[in-house]
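> Build the 3D model from these lines:
(2 chains)
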Amino acid sequence: MVQPLIEFKGVTKRFSHHTVLDQIDLQIYEGEVATIIGKSGGGKSVLLKHIVGLLQPDEGYILYKGQPIHQMNKREWDQYIRQVSYMFQNNALFDSMTVFENIAFPLRQTTHLNRRVIEEKVRLRLEQMELHEVEKKYPSELSGGMQKRVALSRALVTDPKIILFDEPTTGQDMIRRNAILSMISEYQKRLGFTAILISHDVPDVFFISNRILALDEGKIIFQGTPEAFETFQHPFQDEFVESLEELQEHLTGIYSKRHFKVRYQQMLHRKRSQEKFVVGLFTLEDFDGLCASLGHTTGQKVLDSLGRYINKHFGTVGGFSARQGRSQFSIVLPFSDLHEAEEILKDFSRELREEGLRTIQTEARLYRESCYEFIILGGLAESQFGVKEIDHILDQARKNQREVARVFCGERR
Amino acid sequence: MNITRGKTHTSAEKNPLPLISLLGRRAIYVIQDSGALFIFMVKSMVMIFQPKQLPLILEHIYSIGARSTLIVLLVGLFTGMVLGLQLFHTLVKFGSAGVLGSAVALSLVRELGPVLTAIMVTARAGSAMAAEIGSQRISEQIDALFTMRIDPVRYLVSPRIAASIISFPLLTAMFDLIGIIGGYLTGVLLLGVNAGSYFYRVQSSVEMEDITSGFVKAVVFAVIVSTVCCFQGYFTHMQKDSYGAKAVGVSTTSAVVLSCVLILISDYVVTSLLL
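Sure thing, here's the model as predicted:
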């Protein structure tokens, strides 16, 4: 059995007579992205602060690789905390320091790196977070969103092994919110750190998470994979998760995975026996590579624009779509058979190359001078009444994917 | 080492002796708080000698010492001038106007210099220390330091104490000097005391012991002021019935009031020990 990296055992925390955490048992494994979701004021930040020792439990204990952190000696504690970085909900930036100094601060104070190396590391983060124009400004001169990005840069600059993100996307617009989540996901894959995230960005955060922990009324009511969470039956789902998903759908016009499945089931109920329909899957190939060359914000703009284009195009023939992963969109064409759907896909491919890619490039503000590449894959799979599991059909569509459009160095193909 | 301030505990149970219980709780609170303050001071003093402290100490010498120079010189000048006026009229009654220099110099060097300098620096820099650290506490900047493996006491408190220990005696020396010049302005230039007599009395009456005792007091006040002000700021979040900006205000006020009271009490204690 794999040993958890961090484990809570019967952790209870009270403030005066109010119990914020009640007998919490949870496990977080090395190298995964674990997301804690729950209502505001539900104790998520309190839970996170226990991991870095800012708060001590009233009952129970926290284990790091099987060792209780409250029993660590100074050297062990130092070694443990050296690997942890914390991004605060309110950013906790040093208001008497500039943006540059804030990001450089942990390196200057806790490492023996020389000035040039520190400067290089900080400049890299500034570039990645699109903060280079404000490096000499003070936090109070920045917008809330920019302050958030400065805090994120500071959390990442020391290359820690465990990063605790306390609502890293609050105060950001939708594109930047997804850009930050995408950035966390990319860095996590590249650097292999363990990320513990508090987020309300449902369902987007599910696409980057390996593990979901739902905290409700001081108790962990669910811990498991995002897929398992989708089928989790609990009033918490209706009260909290669905309301967030509906908000997201309202903003994007694209269904969440769960609502997509519900709509799919409703469609099946209306269908007669032997009636066929088609499921399609579109993928923006090498999304991480695209983000690396264009930046995460622009990458998200491309993805957002593509999602809306797909939804608009297939919506006109009665289809409905959903986001399936970080860079995947699914569609259901309830009134088409495979032959008809192939024709629709061909039309879509032609229109995408002739007009759609230009729209995407304009919306994402991509200019011809810069060289970048993105490939859009599309695949279809036919199904019929009686096939209830859409995941199986989506797998089939994934196998049938082929290139429908490509942009290389600004040229649409 | 975690330092926590004392808290008053309230009991829901009916107490037959409420006044005694209240006094007892207050006494426990004061003892706990004093203990916390002492541990805080010892820890801060020890951490002065950690690496990477020198730039921070120099920075705080500038903000606590250099930037207080003008106000200390101003107060020193007028204190000396008032002393010159008052003492001249008193000494004339006894036919001893010639010892004005001694009276002004000894009053300043032994007593008024260290005390008034400490009070002025408390008002200017001590309040700033409490407010700055307090606002860092409520905006979680101190927690952020902790998560970065930077000891907040080492980074925020120790350099301020070291800077105060260096700045207070220097400011006191300036206060003494400008005060003696102030006494000269009123005593000699305004009221006609002989200039040679004035400076002769200053030179002959002030001994090294007087200067040393003044500096000892300045160092003691430096430790008290900086520790109390930093302590109040550091524990802003534990202020009773105050949160956020209000708690910072309460901490700053408490820091100044407590520092001034402790300066006067410790002045008596140190004087009685040195005499």
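> Those residues of the stretch 151-275 of chain B touching chain A, which are they?
Where the stretch 151-275 of chain B comes near chain A, counting by CB under 8 Å from any CB of the partner chain, the residues are B:Y155. C-beta coordinates here come from the backbone N, C-alpha and C atoms, glycine included.
> so where is the stretch 151-275 of chain B shaky, pLDDT-wise?
Under the criterion pLDDT under 70, no range of the stretch 151-275 of chain B is flagged.
> And the helices in it?
Ranges of helices within the stretch 151-275 of chain B are B:152, B:158-184, B:195-205, B:208-234, B:244-274, based on DSSP state H, counting those that start in this stretch.
> Deepest in the core, which of those is it.
Among these, ranked by average contacts under mean count of other CB atoms under 10 Å in any protein chain shown, first place goes to helix B:158-184 (a mean of 24).
> Give the helix, strand or coil label for A:F165.
Of the three states, A:F165 takes strand under DSSP: H, G, I helix; E, B strand; the rest coil.
> Same question for A:T169.
coil.
> mind checking how far it is from A:N178?
8 Å (CB to CB, to the nearest Å).
> Now do the shared contacts for these two.
Jointly contacting A:T169 and A:N178 under the rule CB atoms under 8 Å, 6 or more residues apart in numbering or on different chains are A:D201.
> Enumerate the beta-bridge partners assigned to A:R14.
Beta-bridge partners recorded for A:R14 (DSSP bridges): A:T19.
> burial count for it?
A:R14: 14 surrounding residues under other CB atoms under 10 Å in any protein chain shown.
> Please apply the same query to B:L56.
Neighbour number of B:L56 under other CB under 10 Å is 17.
> Where does it sit, in terms of helix or strand?
helix B:54-60 (DSSP states H and E).
> What parts of chain A come near chain B?
So far as CB under 8 Å from any CB goes, chain A lies against chain B at A:49, A:52-54, A:78, A:81-82, A:84-86, A:88, A:90, A:92-95, A:105-106, A:109-110, A:158.
> Okay, and which of these map to helices?
A:49, A:78, A:81-82, A:105-106, A:109-110 (DSSP state H).
> Show the buried residues in these.
Buried members of these, scored by 16 or more other CB atoms under 10 Å in any protein chain shown, are A:49, A:81, A:105-106.
> Which members of these are the farthest-apart pair?
The distance between the two most remote of those (CB to CB) is 20.4 Å, for A:K49 and A:F105.
> Check the gap between B:R25 and B:L19 for me.
Relative to B:L19, B:R25 is positioned 11 Å away (CB to CB).
> ok, now which ones touch the residue in the stretch 251-400 of chain A that chain B sits nearest to?
Taking CB to the nearest CB, chain B has its nearest neighbour within the stretch 251-400 of chain A at A:H296, 24.3 Å off. The contact partners of A:H296, by CB under 8 Å, 6+ apart, come to A:128, A:179-180, A:182-183, A:186.
> can you put the residues you listed in TSV and add distance to B:L274 and pLDDT?
What follows is the contacts of A:H296, written out as TSV (distance: CB to CB, whole Å; pLDDT from 0 to 100):
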residue	distance to B:L274	pLDDT
A:Q128	62	81
A:A179	67	80
A:I180	63	82
A:S182	69	81
A:M183	64	79
A:E186	67	80
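> now, which of the residues you listed lie within helices?
A:128, A:179-180, A:182-183, A:186.
> Scan these and report the most crowded one.
A:A179 leads the ones in helices among the contacts of A:H296 on contacts (other CB under 10 Å) with 26 neighbours.
> Could you measure from that one over to A:V33?
16 Å.
> Could you do A:G60 as well?
24 Å.
> When these two are compared, which one has more neighbours?
A:V33 (24 against 17).
> Who are the contact partners of that one?
Applying CB under 8 Å, 6+ apart, the residues near A:V33 are A:184-185, A:188, A:194-195, A:197, A:208-211.
> any chance of the residues you listed in CSV, with neighbour count, distance to A:Q396 and secondary structure too?
Output for the contacts of A:V33, formatted as CSV (neighbours: other CB atoms under 10 Å in any protein chain shown; distance: CB to CB, whole Å; DSSP: H, G, I helix; E, B strand; the rest coil):
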residue, neighbour count, distance to A:Q396, secondary structure
A:I184, 27, 31, helix
A:S185, 21, 26, helix
A:Q188, 19, 30, helix
A:T194, 22, 34, strand
A:A195, 23, 32, strand
A:L197, 27, 32, strand
A:I208, 24, 25, helix
A:S209, 24, 26, coil
A:N210, 16, 25, coil
A:R211, 20, 28, strand
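> Return the closest of the residues you listed with respect to A:L152.
Nearest to A:L152 among the contacts of A:V33, with distances taken as CB to CB, is A:I184, at 8.2 Å.
> residues touching the closest residue to chain B within the stretch 101-250 of chain A, list them.
Closest contact between the stretch 101-250 of chain A and chain B, by CB to the nearest CB, is at A:P106 (4.6 Å). Residues near A:P106 by CB under 8 Å, 6+ apart: A:154, A:157-158, B:148, B:150.
> and those, which two are the farthest apart?
A:V157 and B:I150 (14.1 Å).
> contact partners of stretch B:143-154?
A:49, A:52-54, A:78, A:81-82, A:84-86, A:88, A:92, A:94, A:105-106, A:109-110, A:158, B:3, B:40, B:43-44, B:47, B:50, B:53, B:142, B:155-156, B:234.
> do that again at 7 Å, thanks
Applying CB atoms under 7 Å, 6 or more residues apart in numbering or on different chains, the set of residues contacting stretch B:143-154 from outside is A:52, A:54, A:78, A:81-82, A:84, A:86, A:88, A:92, A:106, A:109-110, B:43-44, B:47, B:50, B:142, B:155.
> what's the span of that stretch from first residue to last?
The first and final residues of stretch B:143-154 sit 14 Å from each other (CA to CA, to the nearest Å).
> Now do the same for B:F38: helix, strand or coil?
Using three-state DSSP, the structure places B:F38 in helix.
> measure it to B:L264 for me?
B:F38 is 20 Å from B:L264, by CB to CB.
> Equivalent analysis for A:L333, please.
In terms of CB to CB, A:L333 sits 87 Å off from B:L264.
> Could you do A:L152 as well?
50 Å.
> Kindly report the same for A:F408.
A:F408 is 80 Å from B:L264, by CB to CB.
> what's the answer for B:I64, then?
For B:I64, the distance to B:L264 - CB to CB - is 21 Å.
> try B:A66
26 Å.
> B:L275 too?
17 Å.
> for B:L185, same thing?
For B:L185 relative to B:L264 (CB to CB), the value is 28 Å.
> do B:V225 as well
Taken as CB to CB, the span from B:V225 to B:L264 is 12 Å.
> Just list the residues touching B:T79, thanks.
B:T79 neighbours (CB under 7 Å, 6+ apart): B:112, B:116, B:179, B:182.
> so where does the second one fall, helix or strand?
Just to be clear, that refers to B:L116. Going by DSSP H and E, B:L116 is in helix B:113-121.
> by contact count, what packs against whatever helix or strand comes next after that helix?
Beyond helix B:113-121 in the direction of the C-terminus, DSSP H and E gives the next helix or strand as helix B:127-138. If you count contacts as 3 or more CB pairs under 7 Å, 6 or more residues apart in numbering or on different chains; DSSP states H and E, helix B:127-138 packs onto helix B:208-234, helix B:244-274.
> now the angle between helix B:127-138 and the shortest one, please.
I take that to be helix B:208-234. Between helix B:208-234 and helix B:127-138, the angle comes out at 30 degrees (axes from the mean of the first three to the mean of the last three CA atoms, to 10 degrees).
> Helix B:208-234 vs helix B:113-121, what angle?
Between helix B:208-234 and helix B:113-121, the angle comes out at 20 degrees (the same axes, to 10 degrees).
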